[in-house]
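Peer 1: this one's structure only:
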């Protein structure tokens, strides 16, 4: 009798465990009916089949929900959750809350994935026992960035080391994360631009090991002007959020001068440049950005150990920041 009970319990736990997919793919969707078929086709046809596909319809006003429902009828792995429009961060947080996979993958609804992306990332994250696996990106939106620099693979236990950095590190859609390593980290629902950076910098602060594949397995489109990251929210809030994260990272990470120099070179200098580039999309944000760049430089949070192009941009921002600081000081003194 006891053996029978043990066997029943074993089978119960076996099936419960076996029912959990290897990867939960989370797709936030907002007014992307034009792109959804290509996105979903690239996910349902992945060579790694043991996945769940969580689609969060974030108040779409086009035919996105209809497209999702048509695909859900064809593939039982697709789960649809609808909510009023709350933004990409809220949509991803919903996905994180309901995901049951051991690993998490985010894919934007206007992008696609190489059919082997999940399989390859899953194989290396298991083989090297990492908390995150990331791949290079093929950009079809008009820009071409060779960020992998020819390396086939990079395995590291250090914080955000080159060459797997910049866009590759700060976005969330070219990776699979170990769900247990994410823990209670959430996307900041108060910002709709650079929410990836905010999330990843929290994650990479606590992760233990990563593996980078220099294969362009994620296909970035960026052609959907209605996407969640473009549709609402303030870029100024995103700039302020990134500035807060930069300060926090500098204060908490790196106990020695060498460690802090590595942090500047591999993370903080790049983030400062991202803040400037983000601000240039809205001219009214530029004064705030150059103030912050000048502040970071004066506080030695960033330095000028950058590539020539970035160094010139940083120098210009620092000089402009000092000029603004001088004018404001003079104005306060006179009036």
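Peer 2: Arrived safely, thanks for sending. This is a predicted model, so every value here is computed, not measured. Residues are numbered from 1 along each chain as shown.
Peer 1: Surely residue 90 touches residue 84?
Peer 2: No: counting by Cβ atoms under 8 Å, residue 84 is not a contact partner of residue 90; they are 9.5 Å apart. For the C-beta atoms, the positions are set from N, CA and C on the backbone; glycine is no exception.
Peer 1: between the two, which one's more packed in?
Peer 2: residue 90 (22 against 7; other Cβ atoms under 10 Å).
Peer 1: Now do the SS call for the nearest residue to that one once chain neighbours are set aside.
Peer 2: Of all residues not flanking residue 90 in the chain, residue 189 sits nearest, at 4.8 Å (Cβ to Cβ, 6 or more residues apart in numbering). What DSSP: H, G, I helix; E, B strand; the rest coil gives for residue 189 is coil.
Peer 1: helices or strands up against the helix or strand containing residue 315?
Peer 2: Under the criterion of DSSP states H and E, residue 315 resides in helix 308-334. Packing contacts for helix 308-334, counted by 3 or more Cβ pairs under 8 Å, 6 or more residues apart in numbering; DSSP states H and E, involve helix 269-280, helix 286-298.
Peer 1: which residues are in contact with the longest one?
Peer 2: It refers to helix 286-298. 236, 239-240, 243, 246, 268, 272, 275-276, 278-280, 302-304, 314, 317-318, 320-322, 324-325 (Cβ atoms under 8 Å, 6 or more residues apart in numbering).
Peer 1: So which bits of that helix are buried?
Peer 2: 286, 288-297 (16 or more other Cβ atoms under 10 Å).
Peer 1: could I get the residues you listed as TSV with pLDDT and distance to residue 61?
Peer 2: Putting those into TSV (pLDDT from 0 to 100; distance: Cβ to Cβ, whole Å) gives the following:
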residue	pLDDT	distance to residue 61
286	82	33
288	82	32
289	83	33
290	87	38
291	86	38
292	86	36
293	88	39
294	89	42
295	89	41
296	89	40
297	90	44
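Peer 1: other SSEs contacting the helix or strand hosting residue 238?
Peer 2: Counting by DSSP H and E, the element that carries residue 238 is helix 235-252. The contact analysis (3+ Cβ pairs under 8 Å, 6+ apart) places helix 235-252 against helix 195-206, helix 257-263, helix 269-280, helix 286-298.
Peer 1: Can you select the buried ones from the contacts of helix 286-298 in PyMOL?
Peer 2: With 16+ other Cβ under 10 Å as the criterion, this PyMOL line picks the buried residues out of those:
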select buried, resi 236+239+240+243+246+268+272+275+276+278+279+302+303+314+317+318+320+321+324
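Peer 1: Can you classify the residue sitting nearest the centre point of the chain as helix, strand or coil?
Peer 2: Geometric centre of the chain, nearest residue: residue 172, 2.2 Å, by Cα atoms, centre = their mean. Following three-state DSSP, residue 172 is assigned to coil.
Peer 1: What's the local residue count around residue 83?
Peer 2: So residue 83, with other Cβ under 10 Å, has 12 neighbours.
Peer 1: before we move on, what about residue 49?
Peer 2: 12.
Peer 1: Which secondary structure state does it sit in?
Peer 2: Applying three-state DSSP: residue 49 is coil.
Peer 1: for it, phi and psi?
Peer 2: phi -90, psi -20 (degrees, to the nearest 10).
Peer 1: and it, how far is that from residue 75?
Peer 2: 10 Å (Cβ to Cβ, to the nearest Å).
Peer 1: mind listing the helices for the stretch 51-200 of the chain?
Peer 2: Listed in chain order, the helices of the stretch 51-200 of the chain (DSSP state H, counting those that start in this stretch) span 64-74, 88-98, 117-127, 166-170, 179-182, 195-206.
Peer 1: Okay, buried residues for the first one please.
Peer 2: For helix 64-74, burial by neighbour count (16+ other Cβ under 10 Å) applies to 64-65, 67-68, 71-72.
Peer 1: tell me the two of the residues you listed that are most distant?
Peer 2: 64 and 72 (12.5 Å; Cβ to Cβ).
Peer 1: Counting neighbours, which bits of the helix or strand harbouring residue 40 end up buried?
Peer 2: Element membership for residue 40 (DSSP H and E) is helix 36-44. By neighbour count on 16+ other Cβ under 10 Å, the buried set for helix 36-44 is 36, 39-40, 42-44.
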